[in-house]
Every structure is written in structure tokens, then in C-alpha cells.
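**Q** sequence and predicted structure, then a few things I'm wondering about:
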Amino acid sequence: MKWVLVLHGGAGGITRADLTAEQDQAYRAALALAAGAGGAILERGGTAVAAVETAICVLEDDPLFNAGRGAVFTADGRNELDAAIMDGATLNAGAVAGITRTRNPISLARTVMERSPHVMLIGERAEDFAVTQGLERVAPEYFFTERRWTALAAHLKREGLPMPARLVHGIQDPRARLAHDEGKHGTVGAVARDGDGNIAAGTSTGGITGKQWGRVGDSPIIGAGTYASNAACAVSATGAGEYFIRLSVARTIGAMVEMTGLPLQAAVDTVVQGQLTTLGGHGGVIALTADGGYAWSFNTTGMYRAAIASDRPLTVAIYKDEP
Ligand code: ASP
């Protein structure tokens, strides 16, 4: 085995009854495309960090997922994006939160990691940095989809909150119409092991529909939604961020592997099926160790996920009963 790449596209209430055949196929094709793009980087001898960034960019650009284009809306009708990436070889990390105008937040996170002395940048000033680094900038409506706007309206109605004025016009991307249960999931993440035996993790999200007051979830928080160390493992999480932050989910899994020698599958299950479930949080993780072993665990009915390795064909899965 030379390399491995594992992806997720969010966890939630996803059963066979929830998805049409067309939606099922669209998600599987999107995950396969992202896995292929990241896998090609690794096959050419690229780094785990580069593969994670590339695979996540493909998912950010796809309106099916709650990351980049197609992200969910805040209560005041904006798309505020969060992302993080971590290099398990060096423990270097980069993260951004509250991004509204940088096309690929995961690339900005990587740029923070590699070209700034900091780990985490937020909001407008983070986008000022993006401009100085030549990252692609888009108008806020680039992220807008009708599908997510409708989900916001439904959420605010349930909560008895007022609907904000519409700031921008929605795109009519034919793929956006295939997005399933637009309000709740679709965060994306990747973990990879490259030919040099180094691992990396990355996560990108729009957060949760109707989030308020500059809310930031677990995805860009190193140790909560994203973590990587060659000595431990690489982890990317998805689910109710507030719970993942409280439990430092990603680093807790890493610490178990690193310090107790627990097998990876046991570690992810202990945290997700045990601690997270006990606390009342929903979601899941993908994880991978430097020897190339990988695992996932989720306490929801489904999680969009895929795995590919130099010596193993692509597998894509959505529902709980799939291997
Ligand atoms: N974890 C993300 C957040 O709380 C959302 C998700 O994964 O669905 O921002």
C-alpha cells in the first residue's frame, strides 16, 4: 500500500427512504469524483496535505454539499464558511472561520498554515490575507443556492424567527436541486496518507442552518472537528459541532490511539458511539493512521463517505448497513 484517501460528505438522518435513486447516484458520483481527484495527487507522489485540499475543493465546488458553493445560511441570510487543515508530519495547522468571499475556504486554511505564522484567522481580516496571497475571490452570491434558502425559511419559521431580506439572487444550478435534507448535513472532510507515510486531515463547512451571532462550529477548531498527527491519527468530523467542541472529539481519538494504543476502530467507536452519544450529540468521523489503516463511526442513520487506496478500488457508501 502506497497511499490512502478517505472522505466524508456529512452525516445525518439519511436512509434509503430519504433519497431518490437520482439523489443517491448524484452523491455517490460526487464522492467518487473527489476521491479520484485526491487519489490522483497521491498516485503522482503528492503529499497528504495536497490530496486533502484537492479532494475538499471538489466537494466545496459542488452545491450538493454544505461547504463552499451550496453552504447553508445563517439566520441573517449569509453564507459564513469555516475550514481547517492539519499536517500530521509537522503538527502545523491552518484554520479559517466566518469566510464569505473566498471561493475555497480549505485552500485559505492551507495558506494560513503554510504562509502565515498563525493557526486561525477569522472574518474579513482573514479574507484580506487571502487577497494578499492571490486566492480566488467570489461575490457572496456565488455560495447561494435556492435549496438552502428554502431550508433557512423553514428553519426560521419553526423557530419563530423573522426571515431576513434576500441579499442576493440564487443560482439555478441543476445539481443543487439534488441536495438532500438541505438543512442538516453536507459538511465535507478528508483524511489521507501519502507515499512517504505522512498523514493529514481537513474539514470544510457552512456550519448549521440558522446559526446566529457569528457562531463557529467544530470544523475549523483543531482538536475538535479536525486533527492530524503521524504519531496518532488523522480525523475529520461532521455533526452537531457544539458537542464535538465540548468533547474535543478529534484530539481525544488521537490521544487514545497515541497514548493507550487502542486500535483505531475502537477509538472512534468509544468517542462517537460512547461519549458523543451519551452527551446527546449526533454525527460521525473518518479517521486514518500512518500505517494506512482507516475507520469511520457515526451515530446517525447515514454518512456520505468514500475510501480509495493505491492497492484497493474505490468504495462509496451512504447508509449505515453498507460496509
Ligand atoms: N460540524 C458542523 C458544524 O457544527 C456541521 C456538520 O458537520 O453538519 O459546523
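**A** Nice, I can see it.

**Q** CA atoms for contacts and neighbours, from now on please.
**A** Will do.

**Q** which secondary element of this structure has the worst mean pLDDT?
**A** In the chain, the helix or strand scored least confidently by mean pLDDT, DSSP states H and E is helix 146-159, which has a mean of 91.

**Q** any idea which helix or strand comes after that one?
**A** strand 188-193 (DSSP states H and E).

**Q** flag every buried residue along stretch 233-253.
**A** Within stretch 233-253, the residues scored as buried using 16 or more other Cα atoms under 10 Å are 233-241, 243-245, 247-253.

**Q** again with stretch 22-30
**A** By 16+ other Cα under 10 Å, the buried positions in stretch 22-30 come out as 23, 24, 26, 27, 28, 30.

**Q** among these, which lie within helices?
**A** Per DSSP state H, helices hold the following members of these: 23, 24, 26, 27, 28, 30.

**Q** what's the pLDDT at the second one?
**A** On pLDDT, residue 24 comes in at 94.

**Q** what of the fourth one?
**A** Each residue has a pLDDT score; the one for residue 27 is 95.

**Q** contacts only, for it.
**A** Residue 27 is in contact with 64, 304, counting by Cα atoms under 8 Å, 6 or more residues apart in numbering.

**Q** packing partners of the helix or strand containing residue 96?
**A** Element membership of residue 96 [criterion: DSSP H and E] is strand 92-99. Packing partners of strand 92-99 (3 or more Cα pairs under 8 Å, 6 or more residues apart in numbering; DSSP states H and E): strand 81-87, helix 105-115, strand 120-122, helix 123-132.

**Q** the ligand: which of the ones you listed is closest?
**A** Of all the helices and strands packed on strand 92-99, it is strand 81-87 that lies closest to the ligand, at 7.5 Å by Cα to the nearest ligand atom.

**Q** picking up where we left off before, the strand holding residue 96 and the ligand, any residue contact?
**A** No. Strand 92-99 stays clear of the ligand (Cα under 6 Å from any ligand atom), getting no nearer than 10.1 Å.

**Q** what is the orientation angle of that strand with strand 81-87?
**A** Relative orientation of strand 92-99 and strand 81-87, computed by axes from the mean of the first three to the mean of the last three Cα atoms, to 10 degrees: 180 degrees.

**Q** quick one: contacts of strand 92-99?
**A** Applying Cα under 8 Å, 6+ apart, the contact partners of strand 92-99 are 79-87, 105, 108-114, 118-124, 126-127, 214, 216, 220-222.

**Q** any buried residues in it, and which?
**A** 92, 93, 94, 95, 96, 97, 98, 99.
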